[in-house]
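> give the three-dimensional model of this entry:
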Amino acid sequence: MAINGFGAAEFQLVLLRRMADYHPDLVEDAVRRLGATRASMREANKRWQAMVRAPRFPRGAARYTAVLGPADTGAARRIGDLACTVRQWALPLWPELRFEILLGPAEIGAPLLNEWLVRAPGAPAPELRTLADLAPWSCVVGEVGAAFPGAVPREGSAPTRFRLDFRAPDADGRMCSCEADFTWGLLQEVRTVEGGG
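Residues are numbered from 1 along each chain as shown. Have a look, this model is predicted:
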């Protein structure tokens, strides 16, 4: 499904455009796998930005249904006292992941609360034990948070970006304070923080 010629392929280019600031080499390979170019990635991002700002473009879940078609899966999820809903779509570029949106309670209009990549149901998660395991594009926010208890979520440096502060052992077993940056929920970069060992 697509709206005005904008479908899953173009949406994947939008996701990649936000990741290009971190790993242009990985993005370049992914763009080629989609049969696209850097110019078409920039154009897809430009079109997406124009669409989401347009008054008549659908909002919330309808926005993604218009571009990606009906969700592959949907389920109820409780977040504290809130009765929320999640919907997920498969994307060819990341078969082991799903693009997930989190919607707030229906009684307040089911607002879009979050949108990012998560591990697909049944897909094996990576084993995350040390900093060496945290390779770019290898894992998602929830997996890092689960692997390193006590991780603290932080606001990212831009829309669609997210940060986790956590402690993890290096290859020698020494505990380090770390910052991990994610784009659309996918790990991009991990840095150790000086003085936090």
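
> what's near enough to touch residue 144?
Taking C-beta atoms under 8 Å, 6 or more residues apart in numbering as the contact definition, residue 144 lies against 128, 134, 151, 164, 166, 180, 187. C-beta coordinates here come from the backbone N, C-alpha and C atoms, glycine included.

> distance of it from residue 8?
As for residue 144, its distance to residue 8 is 26 Å (criterion: C-beta to C-beta, to the nearest Å).

> one more: residue 121?
Counting by C-beta to C-beta - residue 121 and residue 8 are separated by 19 Å.

> likewise for residue 28?
Taken as C-beta to C-beta, the span from residue 28 to residue 8 is 20 Å.

> between residue 121 and residue 8, which has more neighbouring residues?
Per other C-beta atoms under 10 Å, whichever of residue 121 and residue 8 has more neighbours is residue 8, with 19 against 10.

> show me what contacts the more buried one?
2, 67-69, 89, 91-92 are the contacts of residue 8 under C-beta under 8 Å, 6+ apart.

> which among these end up buried?
67-68, 89, 91 (16 or more other C-beta atoms under 10 Å).

> which one of those residues is nearest to residue 176?
Distance to residue 176 across these (C-beta to C-beta) is lowest for residue 91, with 32.7 Å.

> wait, the closest one sits on residue 12?
Yes. The criterion here is C-beta atoms under 8 Å, and residue 91 meets it with residue 12 at 5.6 Å.

> residue boundaries of the strands in the protein?
Ranges of strands in the chain, per DSSP state E, are 2-3, 6-7, 73-79, 82-90, 97-103, 112-119, 152-155, 161-169, 175-183, 186-192.

> could I get those as JSON lines with distance to residue 140 and mean pLDDT?
Listed next are those as JSON lines, based on distance: least, C-beta to C-beta, whole Å; pLDDT from 0 to 100:
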{"stretch": "strand 2-3", "distance to residue 140": "26", "mean pLDDT": "64"}
{"stretch": "strand 6-7", "distance to residue 140": "23", "mean pLDDT": "92"}
{"stretch": "strand 73-79", "distance to residue 140": "16", "mean pLDDT": "92"}
{"stretch": "strand 82-90", "distance to residue 140": "12", "mean pLDDT": "95"}
{"stretch": "strand 97-103", "distance to residue 140": "7", "mean pLDDT": "97"}
{"stretch": "strand 112-119", "distance to residue 140": "6", "mean pLDDT": "95"}
{"stretch": "strand 152-155", "distance to residue 140": "13", "mean pLDDT": "92"}
{"stretch": "strand 161-169", "distance to residue 140": "10", "mean pLDDT": "96"}
{"stretch": "strand 175-183", "distance to residue 140": "7", "mean pLDDT": "96"}
{"stretch": "strand 186-192", "distance to residue 140": "6", "mean pLDDT": "96"}
